[in-house]
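Visitor: One predicted model, sequence on top.
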Number of protein chains: 4
Amino acid sequence: MSTHHRQANEFVQRMLRSRSIEQAEHDLSPSPRDGPQKIPGGSLLTDEAIRKRYEVIANADQIKELLLDDWTDHRKKTYEHNIENFIGTVKLPVGLAGPLRINGLCAHGDFYLPLATTEAALVASYSRGCQTITEAGGCTAMLLNEGLSRAPGFVFEGLKEAGSFLIWVINQLDAFRKVAEDTTRYGKLIDMSISVEGNHVYLVFEFTTGDAAGQNMITIASQAICDYIMKNSPVKPKTCFVEANLSGDKKASAASFVSVRGKKVTAEVTLSKDLVQHRLHTTPSQMCDYWRMSAMGAILSGTMGVQGHFANGLAALYIACGQDAACVAESAVGTTRMEVTADGWLYTAVTLPNLIVGTVGGGTMLPTQKACLDILKLSGPGHAQALAEVCASMALAGELSIIAALSCGHFTRAHERRTRSRNNGHARS
Amino acid sequence: MSTHHRQANEFVQRMLRSRSIEQAEHDLSPSPRDGPQKIPGGSLLTDEAIRKRYEVIANADQIKELLLDDWTDHRKKTYEHNIENFIGTVKLPVGLAGPLRINGLCAHGDFYLPLATTEAALVASYSRGCQTITEAGGCTAMLLNEGLSRAPGFVFEGLKEAGSFLIWVINQLDAFRKVAEDTTRYGKLIDMSISVEGNHVYLVFEFTTGDAAGQNMITIASQAICDYIMKNSPVKPKTCFVEANLSGDKKASAASFVSVRGKKVTAEVTLSKDLVQHRLHTTPSQMCDYWRMSAMGAILSGTMGVQGHFANGLAALYIACGQDAACVAESAVGTTRMEVTADGWLYTAVTLPNLIVGTVGGGTMLPTQKACLDILKLSGPGHAQALAEVCASMALAGELSIIAALSCGHFTRAHERRTRSRNNGHARS
Amino acid sequence: MSTHHRQANEFVQRMLRSRSIEQAEHDLSPSPRDGPQKIPGGSLLTDEAIRKRYEVIANADQIKELLLDDWTDHRKKTYEHNIENFIGTVKLPVGLAGPLRINGLCAHGDFYLPLATTEAALVASYSRGCQTITEAGGCTAMLLNEGLSRAPGFVFEGLKEAGSFLIWVINQLDAFRKVAEDTTRYGKLIDMSISVEGNHVYLVFEFTTGDAAGQNMITIASQAICDYIMKNSPVKPKTCFVEANLSGDKKASAASFVSVRGKKVTAEVTLSKDLVQHRLHTTPSQMCDYWRMSAMGAILSGTMGVQGHFANGLAALYIACGQDAACVAESAVGTTRMEVTADGWLYTAVTLPNLIVGTVGGGTMLPTQKACLDILKLSGPGHAQALAEVCASMALAGELSIIAALSCGHFTRAHERRTRSRNNGHARS
Amino acid sequence: MSTHHRQANEFVQRMLRSRSIEQAEHDLSPSPRDGPQKIPGGSLLTDEAIRKRYEVIANADQIKELLLDDWTDHRKKTYEHNIENFIGTVKLPVGLAGPLRINGLCAHGDFYLPLATTEAALVASYSRGCQTITEAGGCTAMLLNEGLSRAPGFVFEGLKEAGSFLIWVINQLDAFRKVAEDTTRYGKLIDMSISVEGNHVYLVFEFTTGDAAGQNMITIASQAICDYIMKNSPVKPKTCFVEANLSGDKKASAASFVSVRGKKVTAEVTLSKDLVQHRLHTTPSQMCDYWRMSAMGAILSGTMGVQGHFANGLAALYIACGQDAACVAESAVGTTRMEVTADGWLYTAVTLPNLIVGTVGGGTMLPTQKACLDILKLSGPGHAQALAEVCASMALAGELSIIAALSCGHFTRAHERRTRSRNNGHARS
């Protein structure tokens, strides 16, 4: 996180243009003056509670009109279990990308993807990729594995005690499964790994979570296991934490990348030279040249995996479909690979090992979010695996489109065109 | 990305319960049957164009009613430059967290944070952290650096040509600055680095982007530089790509993490033992014990930096405030550090080197998004640096709250309570 | 791998001081003039073969005298299976560090460590750490896991074929074990994982290797499995590579770090405040302050794990004891953790997941290398696990010593003193 | 660092075969019995001192005869400044690889590489790569940058003080340069970067170090800067550490990988189809297919960069030539890239950003180490840059040879042949 001294100097000069050093030092000091107004009402959704919340906001009237429009006001109870300190809704435009033909283990047919984004050109670019895949007869998608982990941490006096605990714990999986599954109808404890670092022991529990993304479900199940351990272990841990930050929750991690977190899917498609030329305005060989240089670029920059812009499509689909958008931090890793086949076609594969998706729970039952899942025909139980294959297939479409554009110099033009005159010219400004 | 053979086997058995191998093989084959319906109307926002788009969706009526409500329908033109194939809006509930007192270089005063999320307990948890900080007189926040990079790639015959190009290019910064700044009123080319890998040369241009996040702005500026290079370089590159995937755009990368991408901010607060006890129901020493074990957990899992859940707050604030939610992939990295001071207080610092935020451009002028920025009093020009300090201070609040809960065993209970009975019991299911 | 343009410019100016651009361009061009002399004699160790090899070296007489001294010349046959194109031996000084008391699962007692290095202060520093541990009653060491992997890669037509292969291969472990173990008396195939990336399938075979480091052993065993697969798989792979670079061989990798490669060991010791003061001239609290800042430093710099200088001790012990020194690249990762206990003592733990050591095979039977293993009393069969615990305990000693020195400002002085006047003052020059 | 519960269980069973749980618990406990014998004599090299050291070793006679042979005994004073607690030398066999024609900025001509290793097939494999390059007219090599960093750490009361320090320190480079260069004739302070993480400030000083590797030189220079800061800074740091583990010393780090540490070199060669066929027994296209799959393998396993076995050659050359073998941990990272050119030839490039080499200081003046540098004609002042280019060119040779072997299935056979019957059959065992 270092800054070159010259850049630091220029930055400091810029910052000191609008404030003196004394002013800056004053600004940075604690200001224990009277406390500002608390936000009232907790998770209440009454008109009264909401009204009071707006009292803490300056010039609240226009803001309220926009966030708490009639549509939202009438449906506010639907948000009861998804938010606290509710004041209204933010509206994100949804565009449709597709059709995307998927020949998957779990997802079959032609899909239209609802993408919620405020970034110009994103929907158009993904849509172009989808159409190209569909013209080729669709992409193949294959769910490869699933599992979500929680990693409680235990502290012992020393290694000797940690070792004794280890000998006990490796034989407790059946007992753990029982107490875990007493807390949930859908979660199944499928595996356990153990990590010892001095007197610290981490247990990594892996669950399947039915059609829910499942983070809460497995927290509750893991807590039950922790309680069981604290009660039954012949060597009592000095401390127990239900999650000791080894599970990769809400962050890109090597451990999740090299195994699975959520759902792991791979997808591929082979495009003819003609189709690449006709639809993507470039050639398989130019695309592979770009892929090679951009793969090296990713490697030189030190990313997990190599890919172009998985995050763009995933964020847009996650938001539209009531998924946890924070999981983009962990889901947007993986690999893209391109090759020219012996007969000059373009082979492309993507692999995403950390898709965190569900079709029940979370935000999936909120009105517009459910509507977006309905566009995919993937709302409710039985569809989480298919949704994961849709995510990977969409990622494949996005990679094809952006790599095509970058390979032949169309990328800038596409963005220029789409954003032109936006916001009084800010895009070009 | 490996799967243990036994887990693979169990997974395959699960998958083959609902389909035969033959069925699976058939499902995975290309299906070049008749093409599905195209999505009509491009970026048109007329009633007619939208109506036609809904024709491709099955059972579109109820979906349309939800996505294309009256509020949205009346304002659809406002989305003109932010989306293509528009069909309506998705509504995300917004909760208010705070107040959060910030003593920053750029952000001063008490802030109420609009957070758009569908994850229960998130707003409540961040809000608790904010209030604790505020009671302590506020946190200190300091913007440390800013800069956004594009990395065009050039291919040469060999190293000899790459070397000659290098000798030329290191003296062209002034010329590049001129052509770059001809394309933008706000973007400034502030630096250039060079990376040679065999006959591949990457130029890393670094820009400041005024109050915009600025990705498009710098793409257009970099394209102008590329055009200039292709025209003027004494050694003509065989190929030029405007972005060769070295810039870290939309992904966590070591290169961005060890320098800056967007804005780099650090924030700190010191809490008395009493405040920790009273507000967070734990002790400085328990929190530090948790911090140590969770920092080791993050290290053992191989994350960039060490932190708890930056992604949660960032995703919620980015969505509410019209930021690019895909940038959560790159922004949600950094460090959290805790210490017990000599007099038993709790010192906590967070550092986020990759905040991609703007207060103009992107989605910041959309109605509800602007309203959310207005809640922060940070809408429009002049506020991007302050918004970055708000992000870091919010991250600090989030870390304090979650680490407190995890350190004393309250984490599970908080989630259990907040999500109870949601979606007919799915949260616990 | 970027270089700032200004630094690049200064560098180019430095380089062009001693050569013109034209000269440089000429120097960089292929020079297909007459070929130089080949090195004769292959792996022959006859006097004649060696004599001829020296003919290709200019001014060979003095060089020969040093490398092919009498001792070496008399024993040259002992190197027969360890080197090709033999010309003599290089002599590295060996220093003794210790005594190091280890209370391990496999290593018990007091050890004197033979360290081969040319870096001043290294032996003295490790020795200080060893003595401190010993005075405290020794460190505890625990082998946690072992296993060495090979990762053959298979290419298929597409995902469909890869999927069919997958279904077959997950049930072949017994067959693979049989063909693998037909090639080796000591190697055991203990596990298999599978990684699918589009039409690429990697099989990760994990072996125990008796008391050998075992890389060759498992290559041969994996080749036998590959041959079996190519002959028996119902879906014939288009290509098979015996190692597709997923195993982490000879490089630090996240996959090896998050599981095990070779042997994984953790070691710990608790030192009284008095011992820290008396032996290490600092305090537990100063050491922990340094540890915290240096752990954050490692995190900010993006290392795998966090530690100080595992590489120093490991390289020295590996070279002395006939281990594969190239494996330092993979072995020198792991974690160091320090804490002040409730009663003010210093708790320290190290964990090394990638120790590649053996007490048979490789260079372990060469005369001086075996002598060094004999100093440890760990030469020959039955000792590899103990050797791994010695490595981890040594690493613990090294961390204690360097962190102590850095925590109280003695580091520079120690190096200054040890290297003073070396090489006519070059150390300070 | 997790272990699957089943593997943990099997491992525990294996371990408990030879010891009871009670025995294990006893073994793991501190044993504060009488202290073992200290190692006498410090860094003395007298016969008496050495004799006494052997008294602590059991059965020392045969060991002494091997380590303290006459050749070593007569030259023991030459090791005076390179080792402590000296007891003799370990002898590593040296093989000659080459000839390797290098067309470099700094290294020109045909080189024979002295490689010290105990791993069969290594010299033969590198030698094959060298000869192939030479037949093609040599490889091109280009030093791209150099610089070695130390990163002192400073702790402040809080961000406000850290900020004030920052404003002062960014203007002190000239003063720092003066005090730094007062300590060294050869080291030059060329740059400074700053990293702020809460109240922690790291200064990253970058030096050139003449022809020495230079770690000690820059430690002493940095200490002088630290002393100057502690005396002159208007804001006194609470603590100062001369190295706070941000410099990447002795470990692979993203920060070093994305910039430079030591010397950064790239090297390339283009081989005709015939030469690949004739010398390497494979085709450019097969080699590229292997490269692609192995690059993906490296990415999936999470390495820094992508390469095959840089560590093998580097360790062998570093040991032979008196370099610091521990630096293999940081040097053995980088990239290998292969392409088939438009006319069917094979283009290959390697880039190594972290070569730590010197031709003065360290072990370079020891008798046999200097002899090895003399074989390269690179002993003494003026040759460090050329040595770095030799390292990169050697790495290129090694990659060509191993990738050729792996691409066509010859890898296993080569190792089988070279190691056959070694150590009474242990290689195959």
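Guide: That came in fine, so what should we check first?
Visitor: quick one: contacts for residue A:171?
Guide: By Cβ atoms under 8 Å, 6 or more residues apart in numbering or on different chains, the contact set of residue A:171 is residue D:9. Bear in mind the C-beta positions are built from the backbone N, C-alpha and C, glycine included.
Visitor: Look up which helix or strand residue A:216 falls in, please.
Guide: Residue A:216 is part of helix A:215-232 when elements are defined by DSSP states H and E.
Visitor: Would you mark the buried spots in that helix?
Guide: Residues A:215-226, A:228-229 are the ones in helix A:215-232 that count as buried (16 or more other Cβ atoms under 10 Å in any protein chain shown).
Visitor: Equivalent analysis for stretch A:283-295, please.
Guide: Buried-residue list, stretch A:283-295, by 16+ other Cβ under 10 Å: A:283-284, A:286-295.
Visitor: so, in contact with chain B or not, stretch A:361-378?
Guide: Yes. Interface with chain B: stretch A:361-378 contributes A:361-369, A:371-372, A:374-375, A:377 (Cβ under 8 Å from any Cβ of the partner chain).
Visitor: In helices only, show me the residues you listed.
Guide: A:367-369, A:371-372, A:374-375 (DSSP state H).
Visitor: CSV for those, including neighbour count and pLDDT?
Guide: What follows is these, written out as CSV (neighbours: other Cβ atoms under 10 Å in any protein chain shown; pLDDT from 0 to 100):
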residue, neighbour count, pLDDT
A:367, 20, 97
A:368, 29, 98
A:369, 26, 98
A:371, 27, 98
A:372, 28, 98
A:374, 20, 98
A:375, 26, 98
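Visitor: from the residues you listed, which is closest to chain C?
Guide: Of all these, chain C sits closest to residue A:375, with 26.2 Å by Cβ to the nearest Cβ.
Visitor: pretty sure that closest one is touching residue B:57, no?
Guide: Yes. Applying Cβ atoms under 8 Å, one finds residue A:375 in contact with residue B:57, separated by 5.5 Å.
Visitor: overlap in contacts of these two?
Guide: With Cβ under 8 Å, 6+ apart as the test, residue A:375 and residue B:57 both reach A:96, A:112, B:63.
Visitor: residues touching the nearest residue to residue A:223 once chain neighbours are set aside, list them.
Guide: Sequence neighbours aside, residue B:412 is the residue nearest to residue A:223 in space, at 4.0 Å (criterion: Cβ to Cβ, 6 or more residues apart in numbering or on different chains). When contacts are counted by Cβ under 8 Å, 6+ apart, residue B:412 touches A:219-220, A:222-223, A:242.
Visitor: just to revisit the earlier point, please flag which of the shared contacts of residue A:375 and residue B:57 sit within strands.
Guide: Secondary structure defined by DSSP state E assigns A:96, A:112 of these to strands.
Visitor: Residue A:118: how many residues sit nearby?
Guide: 24 (other Cβ atoms under 10 Å in any protein chain shown).
Visitor: still on that earlier bit, and the shared contacts of residue A:375 and residue B:57 as JSON lines, adding pLDDT?
Guide: Listed next are the shared contacts of residue A:375 and residue B:57 as JSON lines, based on pLDDT from 0 to 100:
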{"residue": "A:96", "pLDDT": "97"}
{"residue": "A:112", "pLDDT": "98"}
{"residue": "B:63", "pLDDT": "97"}
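Visitor: With respect to chain D, which of the shared contacts of residue A:375 and residue B:57 is nearest?
Guide: Using Cβ to the nearest Cβ, those come closest to chain D at residue A:112, 31.9 Å.
Visitor: What sits closest to that closest one if chain neighbours are left out?
Guide: residue A:98 (4.0 Å).
Visitor: Pairing partners for the helix or strand containing the one you found, with directions?
Guide: If you go by DSSP H and E, residue A:98 is part of strand A:86-104. With DSSP bridges as the test, strand A:86-104 is paired with strand A:108-116 (antiparallel), strand A:139-150 (parallel), strand B:86-104 (antiparallel).
Visitor: could these be laid out in TSV, adding distance to residue B:344?
Guide: Converted to TSV, the strands paired with strand A:86-104 look like this (distance: least, Cβ to Cβ, whole Å):
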stretch	distance to residue B:344
strand A:108-116	47
strand A:139-150	32
strand B:86-104	23
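Visitor: Now render these as CSV, adding mean neighbour count.
Guide: Output for the strands paired with strand A:86-104, formatted as CSV (neighbours: other Cβ atoms under 10 Å in any protein chain shown):
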stretch, mean neighbour count
strand A:108-116, 25
strand A:139-150, 26
strand B:86-104, 28
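Visitor: Compute the inter-axis angle for the helix or strand harbouring residue A:415 and helix B:215-232.
Guide: Element membership for residue A:415, per DSSP H and E: helix A:411-419. Here helix A:411-419 points in a direction 140 degrees away from that of helix B:215-232 (axes from the mean of the first three to the mean of the last three Cα atoms, to 10 degrees).
Visitor: So what's the gap between helix A:411-419 and the chain middle?
Guide: Distance of helix A:411-419 from its chain centroid, counting by Cα atoms, centre = their mean, to the nearest Å, is 26 Å.
Visitor: What mean pLDDT does it get?
Guide: Here helix A:411-419 scores 77 as its mean pLDDT.
Visitor: quick revisit: which of the buried residues of helix A:215-232 sits closest to chain B?
Guide: Closest to chain B, out of all of the buried residues of helix A:215-232 and judged by Cβ to the nearest Cβ, is residue A:223, at 4.0 Å.
Visitor: my guess is the closest one meets residue A:241, correct?
Guide: No. Residue A:223 is beyond contact range of residue A:241, at 10.6 Å (criterion: Cβ under 8 Å).
Visitor: for chain A, longest helix please?
Guide: helix A:384-407.
Visitor: With chain D in mind, check whether that helix reaches it.
Guide: No. Shown here: helix A:384-407 not in contact with chain D (Cβ under 8 Å from any Cβ), separated by at least 14.7 Å.
Visitor: the inter-axis angle of that helix versus helix A:411-419?
Guide: Inter-element angle recorded for helix A:384-407 and helix A:411-419: 110 degrees (by the same axes, to 10 degrees).
Visitor: Whichever helix or strand comes after the helix holding residue A:216 close to chain C?
Guide: Counting by DSSP H and E, the element after helix A:215-232 in chain order, helix or strand, is strand A:239-241. No. Shown here: strand A:239-241 not in contact with chain C (Cβ under 8 Å from any Cβ), separated by at least 12.3 Å.
Visitor: now, among the shared contacts of residue A:375 and residue B:57, which is nearest to chain C?
Guide: Distances from chain C to the shared contacts of residue A:375 and residue B:57, taken by Cβ to the nearest Cβ, are shortest for residue A:112, at 23.5 Å.
Visitor: and that closest one, how far is that from residue A:236?
Guide: To residue A:236, residue A:112 is 56 Å away according to Cβ to Cβ, to the nearest Å.
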